[in-house]
Every structure is written in C-alpha cells, then in structure tokens.
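> sharing a model prediction with you, sequence too.
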Amino acid sequence: MAATLDIEEGAQMNEEILIIDDDEINRAILDNLFSGMYATDEAENGRIGLEKILGNPEKFSAILLDAKMPEMDGLEVLRHMKEAGLNGKIPVFLITADASDSVMREAYRLEVMDVISKPIVPYVVLRRVNSVMELFRARKQLSSRVEIQSSELIEKEHRIADLNRGLFEALAAAIEFRNGESGEHVRRIHDITMLMLEKTDLGDGLSEEDMDNIALAAVMHDVGKIAIPDDILNKPGRLTKEEFEVIKTHTVRGEALLETIPQLRENKVFGYACDIARHHHERWDGRGYPDGLKGDEISVWAQIVSLADVYDALSSKRVYKDAYPREKVIAMITGGECGVFNPVLLDRFMKIEDELSRMYVPE
C-alpha cells in the first residue's frame, strides 16, 4: 500500500494547477491548500491566465478560475478556451461569490467541472478538486492503455499481413520455379497490376487497400499450375490439342485450390484471388477460357492481370524464347496476336507503357 501511495503522490507532484484570481489572498489560500500535492502557478487576471493556458495547454492538469476579475472575467476565459477546443480536456473549477442560476448555467454550458462558491471552505474545495483530478488521471491512463493496445493490435495486423503476403508470394514463386521461371514474373505482375490501378482511371472507386489486395491476388493468378503434370507444364515443344486442354484447367484448379485454404477465406484478398485465378485467360471477344466470358462480364482486375501476364511473357526471356523487342511486344498486343483486349484497357495501358517498359531494362 505504501508503494502505491508513493507512486500516486509522485504522479500528483508531476501535475500542475493554475490558479487565476485577482485577489492575492485567495491565490495564497488556494496555493497553500494544493502546493503540498501539486505544482502550482498563478495569474492575477483572466487575460494573463488565458495566455498561460494557450501558451502551453498540456502543462496544466487543472484550473481554478475566479469568475469576477478585471480585464477578463472567468466566463470570458472559458469562452476563449472553448474556441481553442480546450474545454473538457482540462478540468476547470469556477470559483465565484455569484452562484446565481444564470452564472452556473453559462459555466456548465462552457464545460466547467464544478462551480465552487465563495467564501472558500478548504476541505470542501480540496475534496471536490481532487476527486475530479483523480477521475481525469484515471481516464488519461485508460486512454494511454487503449492507445498502446490499439497500436499493438495494428502492429500485429501488419505482421500478419506481411506474413500472408510472404506466403502468397512464396507459393506463387514456387510454381514459377517449377515452370522453369525465375520468380520475377509474379513480382512484375504485381507491380504492373498496381501501376495500372494507381496511374489510370481503372482504379477509380477502389480504395488503396482494395488496390493492394488486387495486386497481391494477381501474384496467385497461375496457382493452379501446381496441379498440371511436369511433362506437360515443361514440355519444350508445341503442345498437342489434348495437352493444351489440360493446361487450360489451371484456371479452375487454381480457384479450387484457393477455396480449400480456410485461412484465406477470411482474407480480403480471397475474392479477388479466386476471380483472377479463374478468369485471367478470358478474352474481351468471348473466345477465352474457362467460361467464355465476354466484355464487361470479365472483372476489371482479371482483365488487367490478363494483359499484364501477356505483356510480361512477351517482354521477358524464357527457356523457350528470347525477350521480344518493345516495339514488337506492343504491336503484338494491340494487333490482336495475343487475343482481343478491352479497347479502354489498351488505351490506359499505352498511357503508362513507357513506365512499365523500365522494368525490362537490363541492369
């Protein structure tokens, strides 16, 4: 118990009370009453007191304010404090010989904690002021704990998000390695998708979190390839019709795989990931797979990933081909050699293609 009292007394001595009163004797009485528990400061009128308050609002833990003073009375001080947004943040006790209904009503409207009548009764003042200050102290401590806990929760959420991102990227990269790629493909798909959303109106209506989730979902577009046999996935020559039909199943298998991960279902990435995995090979003219979606039946994000996938495949060196020159890549995409894309999508793509092309400049 003694240790607890020491801590409380220490906490009080770190707090400061401002006494604003034009009567020197009243200031001396109040200072003598509180100086054994708190640091004290004084002001001989409302104007000086207000200057001290506005000069350092965090300094004072309570204000003892006389109602009637020359230059600026207590109610006027309260009005200026209200304009500064301080009322209710610092406990103010109005000390007055005029405890009329109109004065008390105005004082409480201006958010004083208590109205204390003159002449001052020391033990009454001490008890009432200490009770309110203790309440404010407890509220401040609680607020600090809540802020700390909120900060810890946010930090944990960020760690979980980073872990999820790492797992998603690792899974996608593992599939790329299996397919004879370096893993850079999925990173570039992420970056191209993000740039298309951030730098053009294709991202209109999407929050920053939405864009981040879509870009993360994009790295898992080929997750279904994990179910494709090696002899087909890594076949060096042209695929037979039957083999190509097997390859095409990576879209529906990817969606099915994602749906089997319970933890992913609770993640905001889930819906985007399933849609992109299944529909990133759909085409604007309806000649894509697996569902033959046409036009705006295909989500904007699946369209973006589809174009990003083609652009990266053409612009990158693969085990079976060299990277195509930039001019040829653009000609093949805009000329329809790689399927038909949304004209609006192509227009926005061309607006930022110069920036995208920098990803493929040899170091």
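Received it, and whenever you're ready, just let me know what you need. Numbering: from 1, shown residues only.
> distance of the closest residue in space to Ala323 that isn't next to it in sequence from Ala308?
If you skip the residues right next to it in sequence, Ala323 has Lys317 as its closest partner in space, 4.7 Å away by Cβ to Cβ, 6 or more residues apart in numbering. The C-beta positions use only the backbone N, C-alpha and C, and glycine is treated the same way. Distance, Lys317 to Ala308, using Cβ to Cβ, to the nearest Å: 17 Å.
> between those two, which is the more surrounded one?
Set Lys317 next to Ala308 and count neighbours by other Cβ atoms under 10 Å: Ala308 wins out with 26 against 11.
> could you say what helices and strands the one helix or strand that one maps to packs with?
Per DSSP states H and E: Ala308 is located in helix 300-315. Under the contact criterion of 3 or more Cβ pairs under 8 Å, 6 or more residues apart in numbering; DSSP states H and E, helix 300-315 touches helix 184-199, helix 208-218, helix 269-279, helix 326-334, helix 343-357.
> of these, flag the one that's most buried.
The densest packing among those, expressed as mean neighbour count by mean count of other Cβ atoms under 10 Å, is seen in helix 269-279 with a mean of 23.
> what angle sits between that helix and helix 184-199?
Angular relation of helix 269-279 and helix 184-199 on a 0 to 180 degree scale: 110 degrees, by axes from the mean of the first three to the mean of the last three Cα atoms, to 10 degrees.
> how is this structure carved up into domains?
Listed domain ranges for the chain are 2-120, 153-360 (source: automatic domain parsing).
> want to try JSON lines for those, with mean pLDDT as columns?
As requested, the domains of the chain are arranged in JSON lines below (pLDDT from 0 to 100):
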{"stretch": "domain 2-120", "mean pLDDT": "85"}
{"stretch": "domain 153-360", "mean pLDDT": "87"}
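> what's the closest of those domains to Met133?
Closest approach to Met133 among these (Cβ to Cβ): domain 2-120, 5.4 Å.
> residue boundaries of the helices in the stretch 1-150 of the chain?
Defined through DSSP state H, counting those that start in this stretch, the helices belonging to the stretch 1-150 of the chain, from first to last, are 2-13, 24-34, 46-55, 74-83, 101-109, 122-178.
> measure how the shortest one sits relative to helix 74-83, angle-wise.
Relative orientation of helix 101-109 and helix 74-83, computed by the same axes, to 10 degrees: 20 degrees.
> who does helix 101-109 touch, helix- and strand-wise?
Based on contacts counted as 3+ Cβ pairs under 8 Å, 6+ apart, the elements that helix 101-109 packs against are helix 74-83, strand 114-117.
> contacts only, for Arg348.
Under the criterion of Cβ atoms under 8 Å, 6 or more residues apart in numbering, the neighbours of Arg348 are Met196, Thr200, Asp201, Leu202.
> could you identify the most distant pair in the residues you listed?
Farthest pair in the contacts of Arg348 (Cβ to Cβ) is Met196 and Asp201. Separation: 10.3 Å.
> ok, back up a step: got TSV for the domains of the chain, with distance to Met133 too?
Formatted as TSV, the entries for the domains of the chain read as follows, by distance: least, Cβ to Cβ, whole Å:
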stretch	distance to Met133
domain 2-120	5
domain 153-360	30
